[in-house]
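A.B. asks: With the input below, show me the fold.
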Amino acid sequence: MNNDASTQNEALAGHLLDHYAGRIARARRPYLLGLSGLQGSGKSTLARVMKAEAETRGWPTEVLSLDDFYYSRSDREALAREVHPLLRTRGVPGTHEIELLMSVLAAFPQASEKLPVSWPRFDKGRDTRLPPSRWPHTARPPKLVILEGWALGIRPQTLATLERPINDLERSEDPDGDWRRWVNKQLRGYQPLWRKLDALVVLQAPGWDVVRRWRSQQEEALLARGAPLAMDASMMDRFLAHYERLSRHALATLPALADSVVEYDADHHVTGLSHD
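C.D. replies: Below you'll find the model as predicted:
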C-alpha cells in the first residue's frame with residue numbers, strides 16, 4: 001500500500017469509528033459492523049486498519065471475512081455435480097457456509113480461555129480452506145466485530161430480472177437460468193445474517209468496469225507471488241462473469257440500504273462520505 005492509500009485508510013477508519021463510537025460503547029454485546037464492498041474495493045485492508053485503530057481505543061476487535069467461509073473445493077465439486085456445474089466456482093451466494101459464520105458470531109460473547117472461538121481461513125491461492133490448526137481464534141469477547149465481504153447486505157433480485165442473461169457465461173452455460181435462480185434463492189438464506197448487522201458501511205465503486213480492473217490487479221499480484229491457482233487474464237474474465245449480475249445489482253441497490261456510504265473514484269480515492 002502506498003503512503004497516500006495508507007493515510008486515506010487511517011483517516012477513513014478514524015472517521016467511521018468516531019461516527020459509531022457511542023453505539024459501540026453502549027452495546028451490551030459485540031457490536032457487529034458490516035463492511036460491504038465489491039471485489040478489489042479495499043475492504044479487507046480498511047477492516048485491518050479499523051481493527052488496529054479500535055484496539056488503540058480500548059475496544060477488543062475481531063475481523064471476519066465472508067470470503068473465509070467459502071465451502072472447500074471438494075464441497076463445491078459436490079454442489080457442481082448435484083446442482084449446477086457453475087457452482088464449482090466460489091463467490092456467489094450458496095458457496096458460503098453461512099451456518100458456521102452465524103455460530104461463530106453467537107459464540108463470541110462467551111469467548112474465554114476455556115471456550116476459545118475459532119473461525120476458518122480460506123486460501124484463495126489454493127482455492128480451499130486452510131486446516132483447522134491454522135485457523136485464527138480468540139479467548140476474549142470482542143467489543144467490536146467487523147464483518148467484511150463482497151455485496152454484504154444485498155437482497156434477492158426479482159424473478160423477472162433473472163430471465164435475461166447478462167453476459168456470455170450466462171448465455172452459454174446457464175441458458176435456462178437454473179443457476180441464477182438457485183443462487184438468488186440461496187441469497188434469501190443470507191438475510192438473517194444481514195439482519196444481525198448493527199450498521200452497514202458500503203464502499204461504493206464507480207461502476208462494474210472499474211471493479212473488474214481492481215479485481216484483476218489483485219490477481220496479477222497473486223500471479224507475481226506464484227500462487228498455485230492464480231488466474232491469467234482469460235481465466236479472470238470468466239471468473240468475474242460469475243459475479244457480474246449480483247455486483248451490478250449491489251452497485252444499484254446497496255447505497256440505499258447502507259448506514260454509511262464511502263464513494264470512490266476509479267483510482268481508489270475517496271470522493272464522498274455520507275451517513276444515513
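A.B. asks: what sits against Leu35?
C.D. replies: If you count contacts by CB atoms under 8 Å, 6 or more residues apart in numbering, Leu35 has them with Lys43, Leu46, Ala47, Met50, Ile146, Leu147, Glu148, Gly149, Leu152, Val201, Leu203. To be clear about C-beta, it is placed using only N, CA and C from the backbone, and glycine gets the same treatment.
A.B. asks: Now, the residues you listed that are in helices?
C.D. replies: Among these, the ones falling in helices (DSSP state H) are Lys43, Leu46, Ala47, Met50.
A.B. asks: on that earlier part again, and the contacts of Leu35, which of them are buried?
C.D. replies: Lys43, Leu46, Ala47, Met50, Ile146, Leu147, Glu148, Gly149, Leu152, Val201, Leu203 (16 or more other CB atoms under 10 Å).
A.B. asks: Could I get the contacting residues of the closest residue in space to Leu144 that isn't next to it in sequence?
C.D. replies: Counting by CB to CB, 6 or more residues apart in numbering, Leu144 lies nearest to Thr61, which is 4.4 Å off, once chain neighbours are set aside. Thr61 makes contact with Met50, Lys51, Ala54, Glu55, Pro142, Lys143, Leu144, Val145, Ile146 under the criterion CB under 8 Å, 6+ apart.
A.B. asks: measure Thr61 to Pro141 for me?
C.D. replies: Distance from Thr61 to Pro141, counting by CB to CB, to the nearest Å: 11 Å.
A.B. asks: now swap in Asp67 and tell me
C.D. replies: Asp67 sits 24 Å away from Pro141, going by CB to CB.
A.B. asks: Check Gly58 too.
C.D. replies: Using CB to CB, we find Gly58 at a distance of 14 Å from Pro141.
A.B. asks: Can you pick out the residue with more neighbours from those two?
C.D. replies: Set Gly58 next to Pro141 and count neighbours by other CB atoms under 10 Å: Pro141 wins out with 17 against 8.
A.B. asks: give me every residue that touches the more buried one.
C.D. replies: So Pro141 contacts Pro30, Pro60, Phe108, Pro109, Gln110, Ala111, Ser112 (CB under 8 Å, 6+ apart).
A.B. asks: My reading is that it is in a strand; is that accurate?
C.D. replies: No - read with DSSP: H, G, I helix; E, B strand; the rest coil, Pro141 is coil and lies in no strand.
A.B. asks: Can you check the pLDDT for it?
C.D. replies: Predicted confidence (pLDDT) for Pro141: 98.
A.B. asks: same check, this time on Asp232
C.D. replies: Confidence score, pLDDT, at Asp232: 77.
A.B. asks: Can you report how many residues lie near the closest residue to it other than its chain neighbours?
C.D. replies: Nearest residue to Asp232, sequence neighbours excluded (CB to CB, 6+ apart): Leu223, at 7.2 Å. Here the number of neighbours of Leu223 (other CB under 10 Å) works out to 15.
A.B. asks: Tell me which residues touch Leu223, please.
C.D. replies: Counting by CB under 8 Å, 6+ apart, Leu223 has contacts Ala230, Met231, Asp232.
A.B. asks: Please indicate which of those residues are buried?
C.D. replies: Ala230, Met231.
A.B. asks: ok, and Thr7, which helix or strand is that part of?
C.D. replies: helix 3-26 (DSSP states H and E).
A.B. asks: Go through that helix and flag the buried ones.
C.D. replies: Within helix 3-26, the residues that qualify as buried are Gln8, Asn9, Leu12, Ala13, Leu16, Leu17, His19, Tyr20, Ile24, counting by 16+ other CB under 10 Å.
A.B. asks: Most widely separated two among these?
C.D. replies: Farthest-apart pair in those is Gln8 and Ile24; separation 22.2 Å (CB to CB).
A.B. asks: Who does the residue nearest to Gln8 when sequence neighbours are not counted form a beta bridge with?
C.D. replies: Closest residue in space to Gln8, ignoring its immediate chain neighbours: Val270 at 6.0 Å, by CB to CB, 6+ apart. Counting by DSSP bridges, Val270 forms beta bridges with Tyr264.
A.B. asks: my read: Val270 touches Leu12, true?
C.D. replies: Yes - with contact defined as CB atoms under 8 Å, Val270 and Leu12 form a contacting pair (6.3 Å).
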